[in-house]
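Q: what follows is a protein structure lacking sequence information:
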């Protein structure tokens, strides 16, 4: 019996008139009227209760269908997907179940202990029967809920490495003529100084002078050879998780002598607090040094160079602004190409190497002229996600 019908029945039983105790006509009329009102209210509540019950049933059916559609959608995704609520697993698809055996709803989410940190951010290495696999696990948080998407990027990385190798070989082909030109001039000069040293009647003062010039040319050749080798390097071999601001500070400290020599003022605004990047420290610092050195070399004594960092949950960014003459229009398209330089003493490999290093860390480097004069270089590196 429905609740409201049961309540009406009890009311009838409790207020049934006793024939042995006569009730005054006025009181009987009031009781009858109240009873009719109660019956009408009970019937209305019973109808509302029935409608509410149907609504709950409809919503339950919709929720069931929505869950079914969600499961179909999750299982159709090629990547492993894990849905998390309040740090506990609520849903996962078949790809996740195959990738992480023993995954259970209601259990706490954690990166499996068998996964080892990879070279890039959010990357992990997994030893599988078919060989070493590289996985990328990205977590997107929205309040108490979050989604973890895990992809096997082993094949993508192999394709990227092959593409980068082809690009470097193509660049080396273009560099051939430049290498011959760049090496020929200092080599010819070094041979000239060496021939002077072989002159028997040369006095000691001139001999020391030619020896110093010969040494400078050989140092220049050695530096150029080292830069060429650095340019053709592949991906970073050993990475560490380091604060972006620490890398920038180290690069600025390296160029402190040049800054003082040129009397340049450096304004720093390092605001990438807690931004951690997975990088090969020496190579990334050298890339920052190359960009910062370019800004110092283009600046006049007393001018300002602004170095700033910012960060969000996806990446950290370094910005280096100078107030020099800016980048020539004919240089802009080939700014990061090997041997592209307008400086007589430059090799034109610094920015090319910097771009190669930043790209090998899945980052980006860009340059543009400012409307008020000078140029700004920006470097973006992926930041490490928190799991």
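A: Nice, I can see it. If you're wondering where the values come from, they're calculated on a predicted model, not measured in any experiment.

Q: which residues touch residue 325?
A: Counting by C-beta atoms under 8 Å, 6 or more residues apart in numbering, residue 325 touches 298, 373, 374. Quick note: C-beta positions are derived from backbone N, CA and C, even for glycine.

Q: try it again with 7 Å
A: residue 298 (C-beta atoms under 7 Å, 6 or more residues apart in numbering).

Q: quick check: it is in a helix.
A: No. Counting by DSSP: H, G, I helix; E, B strand; the rest coil, one finds residue 325 to be coil, located in no helix.

Q: that one and residue 305, how far apart?
A: For residue 325, the distance to residue 305 (C-beta to C-beta, to the nearest Å) stands at 14 Å.

Q: isn't residue 379 right up against residue 366?
A: No. In this structure residue 379 lies outside contact range of residue 366 using C-beta atoms under 7 Å: 8.2 Å.

Q: quick one, helices of this protein?
A: 3-14, 25-76, 94-99, 154-197, 204-231, 244-254, 256-262, 281-297, 350-360 (DSSP state H).

Q: JSON lines for the ones you listed, including mean neighbour count?
A: What follows is the helices of the chain, written out as JSON lines (neighbours: other C-beta atoms under 10 Å):
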{"stretch": "helix 3-14", "mean neighbour count": "13"}
{"stretch": "helix 25-76", "mean neighbour count": "11"}
{"stretch": "helix 94-99", "mean neighbour count": "17"}
{"stretch": "helix 154-197", "mean neighbour count": "13"}
{"stretch": "helix 204-231", "mean neighbour count": "14"}
{"stretch": "helix 244-254", "mean neighbour count": "19"}
{"stretch": "helix 256-262", "mean neighbour count": "12"}
{"stretch": "helix 281-297", "mean neighbour count": "21"}
{"stretch": "helix 350-360", "mean neighbour count": "23"}
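
Q: mean pLDDT lowest for which of those?
A: Confidence, taken as mean pLDDT, is least for helix 3-14 of the helices of the chain (a mean of 49).

Q: before we move on, back to that, quick one, which of residue 379 and residue 366 is more surrounded?
A: residue 379 (27 against 12; other C-beta atoms under 10 Å).

Q: and that one, bridged to which residues?
A: residue 318, residue 365 (DSSP bridges).

Q: what does the pLDDT read for it?
A: pLDDT recorded at residue 379 is 96.

Q: now stretch 152-159, how far from the centre of its chain.
A: Relative to the chain's own centre, stretch 152-159 is displaced by 18 Å; criterion: C-alpha atoms, centre = their mean, to the nearest Å.

Q: correction: the previous question concerned stretch 72-86.
A: 22 Å.

Q: would you reformat the helices of the chain as JSON lines and include distance to residue 238?
A: Output for the helices of the chain, formatted as JSON lines (distance: least, C-beta to C-beta, whole Å):
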{"stretch": "helix 3-14", "distance to residue 238": "72"}
{"stretch": "helix 25-76", "distance to residue 238": "37"}
{"stretch": "helix 94-99", "distance to residue 238": "27"}
{"stretch": "helix 154-197", "distance to residue 238": "17"}
{"stretch": "helix 204-231", "distance to residue 238": "16"}
{"stretch": "helix 244-254", "distance to residue 238": "15"}
{"stretch": "helix 256-262", "distance to residue 238": "27"}
{"stretch": "helix 281-297", "distance to residue 238": "9"}
{"stretch": "helix 350-360", "distance to residue 238": "13"}
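
Q: go through the ones you listed and name the closest to residue 317.
A: helix 244-254 (8.5 Å; C-beta to C-beta).

Q: if you count contacts, what does that closest one end up packed against?
A: strand 265-270, helix 281-297, strand 304-311 (3 or more C-beta pairs under 7 Å, 6 or more residues apart in numbering; DSSP states H and E).

Q: isn't residue 375 up against residue 328?
A: No. Assessed by C-beta under 7 Å, residue 375 is found out of contact with residue 328, at 10.3 Å.

Q: ok, back up a step: which one, of the helices and strands packed on helix 244-254, ends up nearest to residue 258?
A: Comparing the helices and strands packed on helix 244-254 by C-beta to C-beta, helix 281-297 comes nearest, at 5.6 Å.

Q: how far off centre is that closest one?
A: Worked out by C-alpha atoms, centre = their mean, helix 281-297 lies 21 Å from the chain centre.

Q: just the residues contacting it, thanks.
A: 236, 240, 242, 247-248, 250-252, 254-255, 258-259, 262, 264, 305, 318, 320, 322, 343, 350-351, 353-354, 357-358, 361, 377, 379.

Q: next, the angle strand 304-311 makes with it.
A: Here helix 281-297 runs at an angle of 140 degrees relative to strand 304-311 (axes from the mean of the first three to the mean of the last three C-alpha atoms, to 10 degrees).
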